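Chemist: Here is a sequence with its predicted model. Questions after.
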Number of protein chains: 2
Amino acid sequence: MPTITSKDWTLAKRPVGEPQADDFGMVSNDAPEPGAGQIQVRNSWMSVDPYMRGRMYDRESYVPPFQIGEVLQGGAVGRVVASNHPDYAEGDLVQSMAGWREAWTAAPEAVMAQKLPGDTGLPDSAFLGIVGMPGLTAYAGILRVAELKEGDVVFVSGAAGAVGSAVVQIAKIKGCTVIGSAGGTEKCDLVRSLGADECIDYRAAGDYAGLLAALQAAAPKGIDVYFDNVGGDHFQAAIECARPFARMAICGMISQYNDTEPRPGPNNVIQIVGKQLQIRGFIVSTHADMLPDFQRDMVTWITGGQMKFEETVMEGVENAPNAFMGLFSGKNTGKMLVKLS
Amino acid sequence: MPTITSKDWTLAKRPVGEPQADDFGMVSNDAPEPGAGQIQVRNSWMSVDPYMRGRMYDRESYVPPFQIGEVLQGGAVGRVVASNHPDYAEGDLVQSMAGWREAWTAAPEAVMAQKLPGDTGLPDSAFLGIVGMPGLTAYAGILRVAELKEGDVVFVSGAAGAVGSAVVQIAKIKGCTVIGSAGGTEKCDLVRSLGADECIDYRAAGDYAGLLAALQAAAPKGIDVYFDNVGGDHFQAAIECARPFARMAICGMISQYNDTEPRPGPNNVIQIVGKQLQIRGFIVSTHADMLPDFQRDMVTWITGGQMKFEETVMEGVENAPNAFMGLFSGKNTGKMLVKLS
């Protein structure tokens, strides 16, 4: 059980606007042999997710901010190299929040680690995506928060992303008409291949007027549900096209995460009254009680061929900041991941 | 049963921005003796309400727009002068949507008329306010739409108005901390006299920063519920001060009804996600099923001295446009009414 030397990423300074390479710093840390109740794990995959941008601000939020000079955190899966814990054995597959590093030694509960089943037939990386946090986000958001009903006309922004692509497919499984939005022809082709009835290329649409016209053309009778990953113009267009009693699940607003100044909100919030809209923000952890249903349904759908998932993979821990920064320019299709070993 | 000559108000032209006197036109119409199934009614009170501004735009909405040259509609109560309908007798108290006029002859169902109980001990005008549409709006909005719970910190804008003043009192009856907002010292005194723990004079606060500071001072731990009658800066301040899982019932946005250009929305909608806010617009007619509970509770509260109501009365049908226009400059405390006979 030798000590492993791990390359870890710290937050060197707080990004202002779009994150830059020098906002991150690499350090070497030891992952020593495990003490009592500890395990030593070599990460095989780490996740980068848009919500991490929020943790880089120094402000009160639903998760505490990252501290400057400290190692970043995030989802990771890996294999136990050595265990001094009765529930873990060498070779076990483990999920944790000890990402942004190659290896670690800790008590499982200190890094929110849990053992994963080894017999699902799914690739290990799937636990960071379709059967992990982004998958549950899609599942809870569209089914519970947006109260999806058969026959709904559903609009999904960020439809080629990890969460959005799952939302598209869940809504199709539930018998809805689905309109996605994504940036570029390739992504839109993917979204349609997942079953979406339409996909709007918001880059080709150009501006708000173009986006609105495209949505009105795709949903001439309006939309019943909006699943927001993007914010900004997409949110405003969704309000504009909402039918009476439309429900909106606000999952994220990636277009605004790097704003350095407050940005004016949708100019049509007055429609919330007359259309009796319901707009709900949510955080996946609030819906952890849905995990058993989610895992059962998702495995059924994947093995039944109803649920596909895409990954965009960057290789090596050195690329972690690039993978993260790529989220904000849409470099990923499906889940953005970093392969570590 | 002679014909009554009634002075009626028509929409002369669609207001642009703030409504003006020459947007309205007066005509004389006959209210003849009733034909089969009809009643002849002399209105004693008519209501002016902020929602009527929306019906003056030529656009699709939850109620059809007023047509130019046609007599306006709105809540009214009056007494049956003559009846050719088996369910109505001379002297019966009747509520209808045949406001903006002194008298009318019609089948009850053509003007959404219904007979009111004559034995409540309440003044007739109360059926246009505290036990009428504005009262039900307050009741349904705070109890169902905002899902009020005992102990909530509740923020109510337009707290001296017909709806807001009822919301303040219902929330106090339900064991909440209540912060109102109203324009001017007198109105704030009234709101406090209704039981509000605090009332912010938004005129004295001056601008958004002042309003926000006042709300933060009044609710140092944040708010759980926001009842919006006003929109604009109030809505933004409420989002800013919202606690996690706060619920917002969006009843109206009177500060924006006369806008001639789209107005930027709240610049902090991104907080909807992290705070997991629930924002719901509503229209009172959707909650008509609550009418029996509402009437029972409201009469109990009024007779028990727990529910007070204010009225601002203008005399004579000639003053109806002045009463309506006064809503937008805050000329009313409590329900704005026009006394007709």
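Modeler: Nice, I can see it.

Chemist: Tell me the first helix or strand C-terminal of the helix or strand harbouring A:Val191.
Modeler: Using DSSP states H and E, A:Val191 sits in helix A:185-193. Counting by DSSP H and E, the next helix or strand C-terminal to helix A:185-193 is strand A:198-201.

Chemist: Listing partners with orientation, what would you give for that next one?
Modeler: strand A:177-182 (parallel) (DSSP bridges).

Chemist: so for the partner strand, what's the average pLDDT?
Modeler: Averaged across strand A:177-182, the pLDDT comes to 98.

Chemist: by how many degrees do it and helix A:185-193 diverge?
Modeler: Angle, strand A:177-182 to helix A:185-193, by axes from the mean of the first three to the mean of the last three C-alpha atoms, to 10 degrees: 160 degrees.

Chemist: Residues touching strand A:177-182, excluding its own?
Modeler: With C-beta atoms under 8 Å, 6 or more residues apart in numbering or on different chains as the contact definition, strand A:177-182 has outside contacts at A:151-161, A:164, A:168, A:171-172, A:188, A:190-192, A:195-202, A:211, A:215, A:218-219, A:223, A:230, A:234. Placement of C-beta: from N, CA and C, glycine included.

Chemist: Also stretch A:135-149?
Modeler: A:129, A:154, A:162-164, A:166-167, A:170-171, A:174, A:176, A:224-227, A:247-249, A:251, A:280, A:282, A:284, A:286-288, A:290-291, A:293-294, A:297-298.

Chemist: Which residues belonging to it are considered buried?
Modeler: Residues of stretch A:135-149 classed as buried by neighbour count (16 or more other C-beta atoms under 10 Å in any protein chain shown): A:135-146, A:148.

Chemist: any chance of those in JSON lines, plus secondary structure and pLDDT?
Modeler: What follows is these, written out as JSON lines (DSSP: H, G, I helix; E, B strand; the rest coil; pLDDT from 0 to 100):
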{"residue": "A:Gly135", "secondary structure": "helix", "pLDDT": "97"}
{"residue": "A:Leu136", "secondary structure": "helix", "pLDDT": "97"}
{"residue": "A:Thr137", "secondary structure": "helix", "pLDDT": "98"}
{"residue": "A:Ala138", "secondary structure": "helix", "pLDDT": "98"}
{"residue": "A:Tyr139", "secondary structure": "helix", "pLDDT": "98"}
{"residue": "A:Ala140", "secondary structure": "helix", "pLDDT": "98"}
{"residue": "A:Gly141", "secondary structure": "helix", "pLDDT": "98"}
{"residue": "A:Ile142", "secondary structure": "helix", "pLDDT": "98"}
{"residue": "A:Leu143", "secondary structure": "helix", "pLDDT": "98"}
{"residue": "A:Arg144", "secondary structure": "helix", "pLDDT": "98"}
{"residue": "A:Val145", "secondary structure": "helix", "pLDDT": "98"}
{"residue": "A:Ala146", "secondary structure": "coil", "pLDDT": "98"}
{"residue": "A:Leu148", "secondary structure": "coil", "pLDDT": "98"}
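
Chemist: Near chain B, which residues of the stretch 151-300 of chain A are found?
Modeler: When proximity is defined as C-beta under 8 Å from any C-beta of the partner chain, the stretch 151-300 of chain A approaches chain B at A:231, A:235-236, A:244, A:250-253, A:256, A:262-283, A:286.

Chemist: Thanks a lot, see you next time.
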